[in-house]
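Visitor: Sequence below, structure please.
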Amino acid sequence: MRRFLWHAKDLNDGELGPFFITALLDMNASLILQDRDFNYLCVTGLPDNWGLKQSDAPDDRSVFGAEIGGRLTDAKSRALETRQTEILEVTLENGGVFEFRVLAFSGHGGQIQFITTIIDRGEDRRREKVLQSLLRDVSHRSKNLLAIIQSIVTQTSQYTDSIEAYVQKLRGRIFSLSRSQDLVTDSGWRGAFAHELLEQQVSAYIPNGQQLIVFEGENLLLSPNVTMHLGLAFHELLINAINFGSFLPAGQTIVVTIAMQERDGRDFVSVSWREPLDPAHRRAGQDAGIPVRRLGTAILERVVPASVNGRAEYSVSQSEVRYGLVFPADARKAA
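Guide: Sure, this is the predicted structure:
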């Protein structure tokens, strides 16, 4: 390796010294130069965790302690033998992490010298831990999402009579999940607000549906799990309302209400869907063979409430469709 790639002819080694020392300090790096007998020749930028006694000539053990000093002595013996850089990582009791890089080289006059570079790796290790935690979190959430999809696939296959209908319903449900997942991702995995969740599901099928579907109550922040499943419930109710309801042609309004309730000293979240029906339209639908109970009841009555540790009621009367979901308030905070 060439010593310098290029430098001005009138610039000598002594003038280059401050440049290198400043660069090392900016990198949070320290240098220690020693001779063949491990005597200290120069020290730059020693980290605050260690100090030098001005009265005595320093050595590894007096500066770094017996344990680290002993490891450095062993590393220098190996570096002298292999002429390769020996790397030690030291973790201090205060949580600091430092990397020691030891290299034996031929100095002035061909004399063997040792250079030890000390680099603060504390911030690097903290970032690595955060990244590992994020990766574990992503893995956990991915498994949860796959479990949701598996449940949807199973329920869809059990309550579908044809391949065409199965593909159509499954596609719509996966699309609903993907839209809810977008909200969760955009929030940094905190979840989604109830009103925004409803608006997003509505906008997929009724671009101007804000006046037809009214949100009332508290705009609660829902956990990722509740967001995914409540979004799925909104999707099922919305598809049924479009396919079998009368609110669109009649210009009527669906009211969705979310409120906090207290029962037996515990807080619960109550979700209510109230969809008006025109009796004449309902009778015409029955005559045309439209099912009274509609579609997706397994999702609404079993999958969604079980996934949020709650309970649900779904009913279709002569005048309206009602869906009520109640679940513990702590479920909306869970991951």
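
Visitor: Report all helices and strands that the strand or helix carrying Asp137 contacts.
Guide: When elements are assigned from DSSP states H and E, Asp137 belongs to helix 122-158. The helices and strands touching helix 122-158, judged by 3 or more Cβ pairs under 8 Å, 6 or more residues apart in numbering; DSSP states H and E, are strand 97-106, helix 163-186, helix 224-244. For the C-beta atoms, the positions are set from N, CA and C on the backbone; glycine is no exception.

Visitor: Average pLDDT for that helix, rounded please.
Guide: The average pLDDT within helix 122-158 is 83.

Visitor: So what's the gap between that helix and the chain middle?
Guide: Offset of helix 122-158 from its chain centre (Cα atoms, centre = their mean, to the nearest Å): 8 Å.

Visitor: quick one on the thing from earlier: and among the helices and strands packed on helix 122-158, the most buried is which?
Guide: Among these, helix 224-244 has the highest mean neighbour count (mean count of other Cβ atoms under 10 Å), at a mean of 23.

Visitor: picking that back up, buried stuff in the helix holding Asp137?
Guide: Gly122, Arg125, Arg141, Leu145, Ile148, Ser151, Ile152, Gln155, Thr156 (16 or more other Cβ atoms under 10 Å).

Visitor: mind listing the helices for the stretch 201-335 of the chain?
Guide: Listed in chain order, the helices found in the stretch 201-335 of the chain under DSSP state H, counting those that start in this stretch are 224-244, 247-250, 279-287, 297-298, 304-307.

Visitor: Out of these, which is closest to Val326?
Guide: Smallest distance to Val326 across the helices of the stretch 201-335 of the chain (Cβ to Cβ): 8.3 Å, for helix 304-307.

Visitor: what's the closest one in contact with?
Guide: With contact meaning Cβ atoms under 8 Å, 6 or more residues apart in numbering, helix 304-307 is reached by Ile148, Ser151, Asn225, His229, Leu230, Leu232, Ala233, Arg311, Ala312, Leu325, Phe327.

Visitor: how is the protein carved up into domains?
Guide: Following automatic domain parsing, one finds the domains of the chain at 13-120, 125-332.

Visitor: which of those domains sits most buried?
Guide: domain 125-332 (a mean of 16).

Visitor: can I assume Ala104 is in contact with Arg78?
Guide: No - between Ala104 and Arg78 there is no contact under Cβ atoms under 8 Å: 9.1 Å.
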